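Asker: can you look at this prediction? I've put the sequence above it.
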Amino acid sequence: MIQAASSIWMDGDFVPWQEAQVHVLTHTLHYGLGVFEGIRCYQIDGGSAVFRLEEHVDRLFASAHIMQMTIPFSREETAAAILETIRVNSLKECYIRPIAFIGYGDMGLYVQDNPIHLVIAAWPWGTYLGEEGLRRGIRVMVSSFTRSHVNTIMTKAKACGAYINSQLAKREAVLHGYNEALLLDSEGYVSEGPGENIFIVRNGGLKTTPLTSILEGITRDSVMTLAGEAGIEIREERFTRDELYVSDEAFFVGTAAEVTPIREIDGRVIGAGEPGPVTRRIQSNYFDAVHGKSSDHPAWLTAL
Ligand code: PPE
């Protein structure tokens, strides 16, 4: 069960958690056209800070732009509301979920006058793929479901409906006894996880999927920056399923998943079957960055 906080920001006002409700004929509930974000706030020395707030707000507005939805608030108002939601709920560390959706009004696929709502909720959310997964690595299954083609749902928008594809893959993986799924793109190349981007390590260098069939992950970007600073070579290049099998290390990244090592894919052990040196280094540098323990990226943290 979600760990309830006390109030949720809805269109400019705080509403008690239990009363933050919508009509059952809310348009997005039926047709899936909505856009959202996932952001984390971490404890830092002397307080808390939101990690890469501006980038997440920018992506929310980019997603809305792709989907031709006009969010009735500015970026500045949205960023301020996110900070206020954390403060009002007295949360020290939390996950923040802003969502813009089409409200109640007319039904049918083409609606012009239904209101667009913006809601921001925040709650404590621990590890996405388990504490043990973070420490020892997870087991992954290449999905029988293909990542939506780049001209199907628009992978650069973090859109509600896109997550049907993700949930099908995740459910299938869990049904088969795996922790997480990995989707291939419509040409058969590695794409991303249901809610994570992927990196592999070969010969000491990192490889990650180019920005085609994937969400433009903010953690992916942070990891690439941190890897560059650590002198690790990075390539954005398509790679195949069998290259995964022979990689020395592999890991998932995402706001929720943070940096989660992968120890097995489709029954094949990856490397030594435990988080390798590059993965450990990236994971440690990432956790230092989000907790403000490295002074290299002050712009990444917005203190409460
Ligand atoms: N790909 C997908 C499909 C995705 O959903 C996410 C985030 C990422 C990559 C990584 O993006 P970023 O968070 O900017 O590094 N998935 C969010 C939702 C997870 C959920 O289950 O809900 C997240 O991590 O917040």
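Answerer: Sure thing, it's come through.

Asker: every contact and neighbour count from this point should use C-alpha atoms.
Answerer: Will do.

Asker: model confidence for the residue lying farthest from the centre of the chain, exactly?
Answerer: Most distant from the centre of the chain: D106, at 31.3 Å, with distances by CA atoms, centre = their mean. As predicted, D106 sits at a pLDDT of 98.

Asker: I'd say it and P115 touch.
Answerer: No - using CA atoms under 8 Å, D106 is not in contact with P115, being 10.0 Å away.

Asker: which non-adjacent residue is nearest W9?
Answerer: I120 (5.0 Å; CA to CA, 6 or more residues apart in numbering).

Asker: how many other residues sit next to that neighbour?
Answerer: Look at I120: counted by other CA atoms under 10 Å, it has 24 neighbours.

Asker: tell me who's in contact with it.
Answerer: 8-10, 81-82, 85, 96-99 (CA atoms under 8 Å, 6 or more residues apart in numbering).

Asker: may I see those arranged in CSV, with neighbour count and distance to A159 as well?
Answerer: Output for the contacts of I120, formatted as CSV (neighbours: other CA atoms under 10 Å; distance: CA to CA, whole Å):
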residue, neighbour count, distance to A159
I8, 25, 21
W9, 22, 20
M10, 18, 19
A81, 22, 21
I82, 24, 19
T85, 23, 22
I96, 22, 16
R97, 16, 13
P98, 22, 12
I99, 21, 9
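
Asker: what are the ranges of the helices in the protein?
Answerer: With DSSP state H as the criterion, the chain has helices at 27-31, 53-66, 75-88, 131-136, 163-175, 218-229, 241-245, 277-290.

Asker: if we can go back for a sec, what are the bridge partners for the residue nearest to W9, then?
Answerer: W9, P98 (DSSP bridges).

Asker: give me the pLDDT for it.
Answerer: So I120 comes in at 99 (pLDDT).

Asker: swap in D296?
Answerer: So, for D296, pLDDT stands at 86.

Asker: burial measure for the closest residue to I66 other than its chain neighbours, as a count.
Answerer: Of all residues not flanking I66 in the chain, A157 sits nearest, at 6.5 Å (CA to CA, 6+ apart). Neighbours of A157 under the rule other CA under 10 Å: 24.

Asker: now do the one 10 residues further on
Answerer: Q167 sits with 14 neighbouring residues when counted by other CA under 10 Å.

Asker: can you tell me, leaving aside adjacent residues, what's nearest to G292?
Answerer: Nearest one to G292, counting by CA to CA, 6+ apart, is I44 at 5.5 Å.

Asker: ok, that neighbour touching H291?
Answerer: Yes - between I44 and H291 there is a contact under CA under 8 Å: 4.8 Å.

Asker: what sits against the closest residue in space to V201 that isn't next to it in sequence?
Answerer: Leaving aside its chain neighbours, V201 sits nearest to E249 (4.9 Å; criterion: CA to CA, 6+ apart). E249 makes contact with 200-202, 261-263, 270-271, 275-276, 278-279 under the criterion CA under 8 Å, 6+ apart.

Asker: just the pLDDT for E249.
Answerer: Reading off the model, E249 has pLDDT 98.

Asker: if we can go back for a sec, list the contacts of the residue nearest to I66.
Answerer: Applying CA under 8 Å, 6+ apart, the residues near A157 are 35, 59-60, 62-64, 66-67, 215.

Asker: and the pLDDT for the closest residue to P298 other than its chain neighbours?
Answerer: Nearest residue to P298, sequence neighbours excluded (CA to CA, 6+ apart): G292, at 7.8 Å. pLDDT recorded at G292 is 95.
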